[in-house]
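K.L.:
starting from these lines, generate the structure:
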Amino acid sequence: MSIQEWFDKRKEAQIERRAKDIKGVDADMPELWTKCVHCDTQLLKTELEENMMVCPHCDYHYRINAKKRISQLFDEGTFEELFKNILPTDPLDFVDTESYADRLKKAHEKTGLDEAVITGIGEIKGYKVCAAIMDFDYMGGSMGSVVGEKVTRIMEKALELKLPMLAVTSSGGARMQESALSLMQMAKTACAAGKLDEAGILYINLLTEPTFGGITASFGTLGDIIIAEQGARIGFAGRRVIEQTIRQKLPDDFQTAEYLLKYGQIDVVSKRKNLRKTIGNILEIHSK
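P.N.:
Purely as a prediction, here's the structure:
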């Protein structure tokens, strides 16, 4: 063994030993602190969770998943999931850097969900409502055939039972791996929302961080009342794409909930802690 080989072997052993030490520390001493991505304040993770994933110092609203959203909005134990048995397929055998089938599998392992939306019936402040709650963690909340089908079916259920409809959106838009099949869901969900309107059924949109693309261009902004969570980014194309197209610098608050409220594109901007009360009040008013 040469001197160089001896040093290389020794270095490899040190790297392996450090990796084992780090792994042992992480297992025995989980991280208790996190840094706010907006104001850089050190926060106890438990403090952040108890404050509904909102920074207590700068009021920055962290993105949350669909299950947390359900637990925050609905009366405890009242939400019943529907249409869980509708599962995605790979109709085009689509492959880019990896196959669509593999992406679906990874998204399921990451989130525990079968698709980017949870649909069901629950109660908010005692008022029963049909709901579709999107999850950005599942492939960026993109809308494919299953998302469109589940949203349409829960709207049809609201029509059948004459219940108010709530859509909570968080999405980057249509799902490219399903091509035209994904784009068709925009028309389908918009038609279902139109039927609610014709029947006089209350339809509420809750736009959360972020809501873009095909969702904004379809069922995401067709509600009778449009609520946006504080600080949420909402739009169609992304900011950079628009700036490159029009060759102008956009305002700093462009495509935020507050900007859209200023120009009359939404009705209410609400802090997360007030959302349940806000929606409950709307349901109460319309129940009479």
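K.L.:
and the strands in the stretch 101-250 of the chain?
P.N.:
Listed in chain order, the strands of the stretch 101-250 of the chain (DSSP state E, counting those that start in this stretch) span 117-124, 127-134, 165-171, 203-211, 225-229.
K.L.:
please identify the deepest-packed of the ones you listed.
P.N.:
strand 165-171 (a mean of 27; mean count of other CB atoms under 10 Å). The C-beta positions use only the backbone N, C-alpha and C, and glycine is treated the same way.
K.L.:
distance to M53 and mean pLDDT for the strands of the stretch 101-250 of the chain - can I get that in a markdown table?
P.N.:
Output for the strands of the stretch 101-250 of the chain, formatted as a markdown table (distance: least, CB to CB, whole Å; pLDDT from 0 to 100):
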| stretch | distance to M53 | mean pLDDT |
| --- | --- | --- |
| strand 117-124 | 18 | 98 |
| strand 127-134 | 15 | 98 |
| strand 165-171 | 13 | 98 |
| strand 203-211 | 11 | 97 |
| strand 225-229 | 11 | 98 |
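K.L.:
so can I have CSV of those strands showing distance to P56?
P.N.:
Output for the strands of the stretch 101-250 of the chain, formatted as CSV (distance: least, CB to CB, whole Å):
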stretch, distance to P56
strand 117-124, 25
strand 127-134, 25
strand 165-171, 23
strand 203-211, 18
strand 225-229, 17
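K.L.:
which one of these lies nearest to I279?
P.N.:
strand 117-124 (5.4 Å; CB to CB).
K.L.:
report all helices and strands that the closest one contacts.
P.N.:
helix 66-73, strand 80-82, strand 127-134, helix 145-161, helix 272-287 (3 or more CB pairs under 8 Å, 6 or more residues apart in numbering; DSSP states H and E).
K.L.:
got the angle for that strand vs strand 127-134?
P.N.:
Calculated by axes from the mean of the first three to the mean of the last three CA atoms, to 10 degrees, strand 117-124 forms an angle of 160 degrees with strand 127-134.
K.L.:
contact partners of strand 117-124?
P.N.:
66-67, 70, 73-75, 78-83, 128-135, 141, 147, 150-151, 153-154, 157, 161, 163, 166, 276, 279-280, 283 (CB atoms under 8 Å, 6 or more residues apart in numbering).
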